[in-house]
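Asks: Below are the sequence and a predicted model; questions follow.
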Amino acid sequence: MTWGLYVHLPFCVRKCVYCDFPVVLWNSGRPEAYSLLLQREASFLRSSLDLQGPPATLYFGGGTPSTTPPSALKDLIGKLEALFGPFSETMELTLEANPETVTADDLFAWREMGINRVSVGVQTSSEETLRLLGRLHTRDQVERLLAQLPTLFPTWNMDLIYGLPGENLSSWQKTLSWALSFAPPHLSAYSLQVEERTPLWYWVREGKVQLPPEEEVADMMAWAREYLPSQGFFPYEISNFSRPGHESRHNLLYWRNGNYLGLGLGAHSHMEGIRWANVERLGRYRELILQGFSPVDPGSVIPGDRRRSLSDAMIMGLRLAEGVDLLELKDRYGEDPGKVFGGSLQRLKERGLLQMEGSRVRLTAQGVLLGNLVFQEFL
Ligand code: SF4
């Protein structure tokens, strides 16, 4: 069984105004204490699950994982390997990092402990927008980090966001060409989601902040999908672009509806069709772990169901340029997607949103732009 291991490191120095992730404010000593809780959770999971073989990928996401001191990170990786390993030389081991927290010593220490992919949260080239969003880094810090990072790591990613307050097509084009000047092997470009009850949501409602109109945001997406391939990037997923061989193997597991285990605050897991997530409050997580209980939120558990798994596989798989193979899904889930979703497939094909080649189905260029409309059909 192929599976990936996700570890949530929730600490951030400050919370960004658009963020609704399970984040905890960073304090000296907190990441080290939390890492011990993670180790206990990992031991508990190891003894309760029948995992065949080590994970193919390990991903430290956050939060800001780069705020965890390298010594604590190294101990944690050692413990995870003792429990779930041995880790192979070729395992993809990703760490998310924010430019303001990274030193040259961190980079060397990460490489030493086996991290071979760094995902950098850059978001935009506009200093003014970075400040508005509550991000702590500057363009200079990005430039300094990216002068060194590529010399130490075989692959890395840059995260960008478009549709930001005050942005227009021309400023997004500037951000993208600035980003490409660092020659990233992989680039993620997500449109800003204004999540309810975040400070940004209130500002937008009160008219304190203007977002670009929807049509302009659609143009930004369309432009990225036209420009990046012309610069040697393959749009292998709706929002992800990679040079050959640099796709995120961990994220591919999600999009291919594969198995993954999540450790830590609010972390999600999916094993053989069953989904669950951990509690999102640090106090509750700590209490459960220290009392020897599972930190899974009982309300989050979704039992295995072939029809639902088929639906998940369609929705996530269609995000990929490779699309989905209907025969393969039929074999995997014992339900024929051609029959279950026959009407939807036909309708979407007639509207020019899906294309079919034998048993393989993919989004068309128009389907990519109207992805949410397509995915609704498979719910
Ligand atoms: S750095 Fe990332 S996780 Fe932390 S507050 Fe900002 S958006 Fe949220």
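Replies: Yep, that arrived.
Asks: can you list the residues of this protein near the ligand?
Replies: Residues of the chain found near the ligand (Cβ under 6 Å from any ligand atom) are Cys12, Lys15, Cys16, Cys19, Phe21, Val23, Gly62, Gly63, Thr64, Asn98, Gly121. Glycine gets a C-beta too; all of them are placed from N, C-alpha and C.
Asks: for the stretch 1-150 of the chain, what spans make up the strands?
Replies: For the stretch 1-150 of the chain, the strands defined by DSSP state E, counting those that start in this stretch cover 3-9, 11-12, 24-25, 57-62, 92-97, 117-123.
Asks: Where does the prediction get shaky in the stretch 51-200 of the chain?
Replies: Across the stretch 51-200 of the chain, nothing is flagged by pLDDT under 70.
Asks: Do a quick rundown of the helices in it.
Replies: Listed in chain order, the helices of the stretch 51-200 of the chain (DSSP state H, counting those that start in this stretch) span 70-84, 104-112, 127-133, 139-152, 169-180, 199-205.
Asks: Dump the ones you listed to CSV, plus mean neighbour count.
Replies: Putting those into CSV (neighbours: other Cβ atoms under 10 Å) gives the following:
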stretch, mean neighbour count
helix 70-84, 18
helix 104-112, 16
helix 127-133, 16
helix 139-152, 16
helix 169-180, 17
helix 199-205, 17
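Asks: Need the residue closest to the centroid of this structure.
Replies: The residue lying closest to the centre of the chain (Cα atoms, centre = their mean) is Asn251, at 6.4 Å.
Asks: Was I right to think that residue contacts Glu237?
Replies: Yes: with contact defined as Cβ atoms under 8 Å, Asn251 and Glu237 form a contacting pair (7.4 Å).
Asks: What's opposite Phe11 in the beta bridge?
Replies: Beta-bridge pairing of Phe11 under DSSP bridges involves Val24.
Asks: tell me the contacts of it?
Replies: 23-27, 30-31, 34, 62-64, 67-68 (Cβ atoms under 8 Å, 6 or more residues apart in numbering).
Asks: Going through those, which ones are buried?
Replies: Neighbour-count burial (16 or more other Cβ atoms under 10 Å) applied to the contacts of Phe11 gives Val23, Val24, Trp26, Arg30, Pro31, Tyr34, Gly62, Gly63, Thr64, Thr67, Thr68.
Asks: Nearest residue to the last one in space, please, no chain neighbours.
Replies: Okay, so that is Thr68. Spatial nearest neighbour of Thr68, excluding adjacent residues (Cβ to Cβ, 6 or more residues apart in numbering): Pro31 at 4.2 Å.
Asks: Hmm, that neighbour is touching Ser71, no?
Replies: No: with contacts defined as Cβ under 8 Å, Pro31 does not count as touching Ser71, sitting 10.3 Å away.
Asks: If you count neighbours, what's buried in the longest helix seen in the chain?
Replies: Secondary structure of the chain per DSSP state H: the longest helix is helix 30-48. Using 16+ other Cβ under 10 Å as the burial criterion, the residues of helix 30-48 that qualify are Arg30, Pro31, Tyr34, Ser35, Leu36, Leu37, Leu38, Gln39, Glu41, Ala42, Phe44, Leu45.
Asks: rewinding a little: with distance to Trp3 as extra columns, can I get the buried ones among the contacts of Phe11 in CSV?
Replies: Output for the buried ones among the contacts of Phe11, formatted as CSV (distance: Cβ to Cβ, whole Å):
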residue, distance to Trp3
Val23, 26
Val24, 27
Trp26, 30
Arg30, 29
Pro31, 25
Tyr34, 23
Gly62, 21
Gly63, 22
Thr64, 25
Thr67, 27
Thr68, 23
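Asks: quick one: pLDDT of Met1?
Replies: Looking at Met1, its pLDDT stands at 85.
Asks: Next: the one 5 residues further on.
Replies: We note a pLDDT of 98 for Tyr6 in this prediction.
Asks: residues contacting the spatially closest residue to it that is not a sequence neighbour?
Replies: Excluding its sequence neighbours, the residue lying closest to Tyr6 (Cβ to Cβ, 6+ apart) is Gly262, at 4.4 Å. Taking Cβ under 8 Å, 6+ apart as the definition of contact, the neighbours of Gly262 are Tyr6, Val7, His8, His268, Ser269, Ala277, Asn278.
Asks: cool, Ala104 as well?
Replies: For Ala104, the contacting residues are Gln148, taking Cβ under 8 Å, 6+ apart as the criterion.
Asks: Ok, Ser191 next?
Replies: Contact partners of Ser191, counting by Cβ under 8 Å, 6+ apart, are Ile161, Tyr162, Gly163, Val217, Met220, Met221, Ser239.
Asks: what's across from it in the sheet?
Replies: Note on Ser191: beta-bridge partners by DSSP bridges are Tyr162.
Asks: could we number from 14 for the rest of this?
Replies: All set: I'll call the first residue 14, so the last point we hit is now Ser204.
Asks: And it, how far from Arg218?
Replies: 19 Å (Cβ to Cβ, to the nearest Å).
Asks: Pretty sure His281 sits against Ile287.
Replies: No: with contact defined as Cβ under 8 Å, His281 does not count as touching Ile287 (11.5 Å).
Asks: Which one of the residues in the stretch 114-263 of the chain is closest to the ligand?
Replies: Here the stretch 114-263 of the chain gets closest to the ligand at one residue, Gly134, 6.0 Å apart by Cβ to the nearest ligand atom.
Asks: Since that was my last question, I'll sign off now.
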